[in-house]
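**Q** starting from these lines, generate the structure:
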Amino acid sequence: MGQHDADAPLFWQTGVRSIPRRPDNPETFPEQDARHWYDIEYAGWTSDKLPMPESPMDGPKGKRIAALLPPDDHPYVRDFLRGMRNAADGAGVVLRVFSSDWNPQAQERDAEGAMAWDPDLIIIWIESLQGGAELISRFYDAGIPVLAANTRPDAEGLRRVLSCSGPDDWTQFRQLARKFAELMRFQGGYAIVCHIENTPTYDARSWSVITELAEAAPDMTLLAMASTQLDEEQTYHQVRGWLQQFGNRLQGIVSADDNRTQLGINRALLEYGRSDIVRVANGSTPTGIRLVGEGELDAITFQLAEQDGALPIKLASDWFSGLAIPPMRHLPIRVLDRHNIDLLVNRRDLVMDLEAEQLYQDILDCRSEAVRDYFTKQIQMFAEVADITMEFFRGFCIEQYANLHHIIKTVGLDEVGIVGSHEAVYSRLFQQPSMERTLRWLEQVSLSIIRRLSTKRNRHRNLVSRVIAHVEQNLGTPLSLKTLSYEFDISAAYLGRLFTEETGEAFNTWLNARRIEKAIELMKSTDSTIRQIAERVGYANPNYFYKLFKKTMGINPGEFQNRLSENGQQ
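**A** Numbers count the residues shown, from 1 in each chain. Coordinates of the predicted model:
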């Protein structure tokens, strides 16, 4: 569990909250239950990360990523997977998907298959808090970098992952609960159809509502809650039972799913003629969006599944490139209702985030034509959409410039030489006579970065041969792109990309191969022990040397040394 001050408020995101009551029970929840919710919602906020694997700093191209996901028989999962595959194609990574059948045992089998595939990184969509944390620990102990996607592990799991991406379910459902309270006029009885039990999503999409309404709408009463396993028939029968039990006392229903679960809810309400019941749900599948548009669902959370799937690939790409990544990266939080459905869904402005990630990569790869195409497309899009507000456009441009600023700093370019003073940046972004002129200025900044980056790379081509010579003379010392970046006064991420471009190999791959070659030379020419040889070629951890040697040569170093003795080569 996460560490926290015993005197701290239990729910410190929006202040102190009263502990909610059990359904139809005047007794409050036990203190340990409230502590459990606290630890799940704020997992990782106060716990320290364990030492993370070191980035190869040579970019994502050619890297092998294994993704452990739920089955794609749910629309959200299908769209999530589409976004992940598109992002993987754009980044040039090799993606292999393992789909388990919504249970920890199946995911454990897939985990074994993923590890046997020898990936450079694993993305895992947690099936259960305990099982997910155990798998993450197994990957971590094997030295495989891990990203958690869509659902948040517990505190121990978060200590071992590079980052966690996806919707902030707790905050998002708290916002949905407030919308629900408004629609209920802050009074009346309600029920919750929960997600699958023993998953992090179950907690986030049930207890967040209960605790939020305990503060925001104390006159509302939780009548019942139950998991129906996201099954339409189970949900239909469960809601029929509630309608029979509570009658008109039941005024609202919160659902953890806007697809099959919501269809089951709606069937039961239609049968009983209860169109008066307020309905809100987690979204946003095409089914849920359609139901909101038709008035058969009052509000849903709104996130783009494609963007959710692309996020972990973006984080992985940044990590492979040696860029800093945040411990958590959440999707924007939105609630969709009949008043904003046309604005959000028809515009689909979040799709632009995916395209912006590709722009980032195109600039780093110096693809000028792709950059020009991107901005031409954005100009057309803004010209065609009539309801774009100036606030939205400014926010979009600020995000674009933030990405460009990040590239400039990462590769060590002169920002003032590219964009001028801060005052000039402000003027170019916010005082242009048209949206097109602003976007054209961002295009020119992007192309200027490419020109300067190309010049800098050409100037540094001979660096690789100097780096190789330095490494050959210092194989027995600690070597990494980071240490070499200090030696040669160049950014580690850029040196990694340059090394790969010049040699066709990632630096770490080349270095390990060279060290194994040197170890074999020492086995043939000296009578040193395996441990001594490992240290002489730069491996302080002999176990890692054993593992790497066997992976490279097919046998462990002791067996190899014995064969040399049998053949008279030692």
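**Q** pull up the distance across stretch 281-296, start to finish.
**A** 11 Å (C-alpha to C-alpha, to the nearest Å).
**Q** what about the stretch 51-200 of the chain, any weak spots by pLDDT?
**A** 102, 128-131 (pLDDT under 70).
**Q** need the helices for it, in chain order.
**A** 75-91, 104-116, 129-141, 155-158, 169-183, 200-204 (DSSP state H, counting those that start in this stretch).
**Q** any chance of a markdown table for those, columns distance to Arg440?
**A** Every residue, glycine included, has its C-beta placed from N, CA and C. As requested, the helices of the stretch 51-200 of the chain are exported to a markdown table (distance: least, C-beta to C-beta, whole Å):
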| stretch | distance to Arg440 |
| --- | --- |
| helix 75-91 | 24 |
| helix 104-116 | 45 |
| helix 129-141 | 46 |
| helix 155-158 | 43 |
| helix 169-183 | 36 |
| helix 200-204 | 43 |
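**Q** so which of these gets nearest Ser368?
**A** helix 75-91 (17.0 Å; C-beta to C-beta).
**Q** what's in contact with the closest one?
**A** The contact list for helix 75-91 (C-beta atoms under 8 Å, 6 or more residues apart in numbering) reads 60-61, 65, 67, 69-72, 94-95, 97, 123, 150, 259, 285-287, 304-310, 312-314, 316-317, 354, 357-358, 361.
**Q** in strands, which of those fall?
**A** Ile65, Ala67, Leu69, Val94, Leu95, Val97, Ile123 (DSSP state E).
**Q** give me the buried subset of these.
**A** Ile65, Ala67, Leu69, Leu95, Val97, Ile123 (16 or more other C-beta atoms under 10 Å).
**Q** and Leu336, helix, strand or coil?
**A** What DSSP: H, G, I helix; E, B strand; the rest coil gives for Leu336 is strand.
**Q** and it, bridged to which residues?
**A** Beta-bridge pairing for Leu336 (DSSP bridges): Ile300.
**Q** OK, contacts around the closest residue to Glu156 other than its chain neighbours?
**A** Leaving aside its sequence neighbours, Glu156 sits nearest to Ala133 (C-beta to C-beta, 6 or more residues apart in numbering; 5.2 Å). Residues near Ala133 by C-beta under 8 Å, 6+ apart: Pro153, Asp154, Glu156, Gly157.
**Q** sorry, back to before: now the buried ones among the ones in strands among the contacts of helix 75-91 as a markdown table including distance to Glu502?
**A** Formatted as a markdown table, those follow (distance: C-beta to C-beta, whole Å):
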| residue | distance to Glu502 |
| --- | --- |
| Ile65 | 25 |
| Ala67 | 31 |
| Leu69 | 36 |
| Leu95 | 27 |
| Val97 | 33 |
| Ile123 | 30 |
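**Q** need the max-distance pair from those.
**A** Among these, Ile65 and Leu69 lie farthest apart (C-beta to C-beta), at 11.9 Å.
**Q** and the residue nearest to Glu156, how far from Ala148?
**A** When distance is defined by C-beta to C-beta, to the nearest Å, Ala133 is 10 Å away from Ala148.
**Q** name the residues contacting each of those two.
**A** Joint contacts of Ala133 and Ala148 (C-beta under 8 Å, 6+ apart) are Gly157.
**Q** tell me the bridge partners for the most centrally placed residue in the chain.
**A** The geometric centre of the chain, computed from its C-alpha atoms, lies nearest to Ser165 (C-alpha atoms, centre = their mean), at 2.5 Å. When assigned by DSSP bridges, Ser165 has beta-bridge partners Ala149, Arg329.
**Q** show me the contacts for it.
**A** Leu147, Ala148, Ala149, Asn150, Asp308, Leu311, Pro312, Leu315, Met328, Arg329, His330.
**Q** can we see that at 6 Å?
**A** Ala149, Leu311, Pro312, Leu315, Arg329 (C-beta atoms under 6 Å, 6 or more residues apart in numbering).
**Q** my guess is the fourth one meets Val161, correct?
**A** No. Because the distance of 10.2 Å does not satisfy C-beta atoms under 6 Å, Leu315 is recorded as not touching Val161.
**Q** when these two are compared, which one has more neighbours?
**A** Val161 (29 against 22; other C-beta atoms under 10 Å).
**Q** I figured that one hits Thr151, correct?
**A** No. The pair Val161 / Thr151 is not scored as a contact, 11.7 Å apart, by C-beta under 6 Å.
**Q** number of nearby residues for Gly241?
**A** Around Gly241 there are 13 residues (other C-beta under 10 Å).
**Q** show me the contact partners of the one helix or strand it maps to.
**A** Using DSSP states H and E, Gly241 sits in helix 232-246. Contact partners of helix 232-246, identified using C-beta under 6 Å, 6+ apart, comprise 191, 193, 223-224, 226, 228, 250, 260-261, 263-265, 267-268, 272.
**Q** now list the buried members of those residues.
**A** Buried, going by 16+ other C-beta under 10 Å: 191, 193, 223-224, 226, 228, 250, 260-261, 263-265, 267-268, out of the contacts of helix 232-246.
**Q** mind putting these into CSV with distance to Val467 and secondary structure?
**A** Output for these, formatted as CSV (distance: C-beta to C-beta, whole Å; DSSP: H, G, I helix; E, B strand; the rest coil):
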residue, distance to Val467, secondary structure
Ala191, 65, strand
Val193, 59, strand
Leu223, 68, strand
Ala224, 66, strand
Ala226, 62, strand
Thr228, 60, coil
Leu250, 70, strand
Arg260, 56, helix
Thr261, 57, helix
Leu263, 60, helix
Gly264, 62, helix
Ile265, 63, helix
Arg267, 67, helix
Ala268, 68, helix
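**Q** return the item of those residues having minimum pLDDT.
**A** Lowest pLDDT among the buried ones among the contacts of helix 232-246: Arg260, with 91.
**Q** roughly how far apart are that residue and Leu162?
**A** Distance, Arg260 to Leu162, using C-beta to C-beta: 33 Å.
**Q** ok, Ala177 next?
**A** In terms of C-beta to C-beta, Ala177 sits 31 Å off from Leu162.
**Q** tally of neighbours for Pro75?
**A** Pro75 has 17 nearby residues by other C-beta under 10 Å.
**Q** name the helices or strands packed onto the following helix or strand past the helix holding Gly241?
**A** Moving toward the C-terminus from helix 232-246, the next helix or strand (DSSP H and E) is strand 250-255. Applying 3 or more C-beta pairs under 6 Å, 6 or more residues apart in numbering; DSSP states H and E, we find strand 250-255 packed against strand 188-194, helix 260-272, strand 278-281.
**Q** contacts for strand 250-255, please.
**A** 184, 188-193, 209, 242, 261-262, 265, 278-281.
**Q** now flag whichever of those is closest to Tyr486.
**A** So of the contacts of strand 250-255, ranked by how close each gets to Tyr486 (C-beta to C-beta), first place is Val209, at 51.4 Å.
**Q** contacts only, for the closest one.
**A** So Val209 contacts Phe173, Ala177, Val254 (C-beta under 6 Å, 6+ apart).
**Q** let me have the residues you listed in CSV, adding distance to Lys550 and neighbour count as columns.
**A** Below are the contacts of Val209 laid out as CSV (distance: C-beta to C-beta, whole Å; neighbours: other C-beta atoms under 10 Å):
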residue, distance to Lys550, neighbour count
Phe173, 48, 27
Ala177, 54, 24
Val254, 54, 28
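**Q** nearest to Gly322, of these?
**A** Nearest to Gly322 among the contacts of Val209, with distances taken as C-beta to C-beta, is Phe173, at 35.6 Å.
**Q** contacts only, for the closest one.
**A** Ala204, Arg205, Ser208, Val209.
**Q** same question, Gly59
**A** By C-beta under 6 Å, 6+ apart, the contact set of Gly59 is Phe320, Ser321, Arg497.
**Q** which one (most neighbours) among these?
**A** Phe320 (26 neighbours).
**Q** need phi/psi at the spatially closest residue to that one that is not a sequence neighbour.
**A** With sequence-adjacent residues excluded and distances taken as C-beta to C-beta, 6+ apart, Phe320 is closest to Pro60, at 4.4 Å. For Pro60, the backbone dihedrals are phi -80, psi -20 (criterion: degrees, to the nearest 10).
**Q** so Pro60 touches Ser317, yeah?
**A** Yes. Between Pro60 and Ser317 there is a contact under C-beta under 6 Å: 4.1 Å.
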